[in-house]
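In: Structure, please.
(one chain, ligands or ions: 1)
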Amino acid sequence: MAKKQTTVQLPGYNCLRCEHRWIPRKPDRPIRCPSCKSAYWDRPVTSPQQVTRAKPSKKES
Ligand SMILES: [Zn+2]
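Out: Residues are numbered from 1 along each chain as shown. Take a look at the predicted model:
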């Protein structure tokens with residue numbers, strides 16, 4: 001007896017901020033997440049731009 005998984009891949013989107021998943025009405029890319037209203041729903045919360053501050057360069061003496 002094979003375990004039949006009915007995993008239907010819907011053309012939905014996944015918000016990386018609140019992990020909300022939804023199916024858009026239009027084929028275009030949604031502007032914002034309908035749940036958290038974030039326009040950066042397709043970007044992870046930890047942006048790579050904040051990593052540049054992690055350098056302890058205290059040699060000014
Ligand atoms: Zn969201």
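In: and this protein, which residues reach the ion?
Out: Within the chain, the residues that sit near the ion (C-beta under 5 Å from the ion) are 15, 17-18, 20, 33, 35-36, 41. (Glycine included, C-beta is placed from N, CA and C.)
In: okay, the nearest residue to Ser38 once chain neighbours are set aside: pLDDT?
Out: Leaving aside its sequence neighbours, Ser38 sits nearest to Arg17 (C-beta to C-beta, 6 or more residues apart in numbering; 4.8 Å). On the pLDDT scale, Arg17 is placed at 94.
In: Correct me if wrong: Arg17 contacts Val45.
Out: Yes: using C-beta atoms under 8 Å, Arg17 makes contact with Val45 at a distance of 6.0 Å.
In: Of the two, which one has the most company?
Out: Between Arg17 and Val45, counting by other C-beta atoms under 10 Å, Arg17 is the more crowded of the two (17 against 9).
In: got the contact list for the more buried one?
Out: Residues in contact with Arg17 (C-beta atoms under 8 Å, 6 or more residues apart in numbering) are 33, 36, 38, 40-41, 45.
In: Same list (those residues) but as a markdown table, adding secondary structure and pLDDT.
Out: What follows is the contacts of Arg17, written out as a markdown table (DSSP: H, G, I helix; E, B strand; the rest coil; pLDDT from 0 to 100):
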| residue | secondary structure | pLDDT |
| --- | --- | --- |
| Cys33 | coil | 95 |
| Cys36 | coil | 96 |
| Ser38 | coil | 95 |
| Tyr40 | coil | 94 |
| Trp41 | coil | 94 |
| Val45 | coil | 81 |
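In: quick check, nearest of these to Lys58?
Out: Nearest to Lys58, judged by C-beta to C-beta, of the contacts of Arg17 is Val45 at 28.4 Å.
In: Name the residues that touch stretch 28-41?
Out: By C-beta under 8 Å, 6+ apart, stretch 28-41 touches 13, 15-18, 20, 22, 24, 42.
In: So what does Cys13 have for phi and psi?
Out: Rather than Cys, residue 13 is Tyr. phi -120, psi 160 (degrees, to the nearest 10).
In: That one: what's it in contact with?
Out: Tyr13 touches 21-24, 29-30, 41-42, counting by C-beta under 8 Å, 6+ apart.
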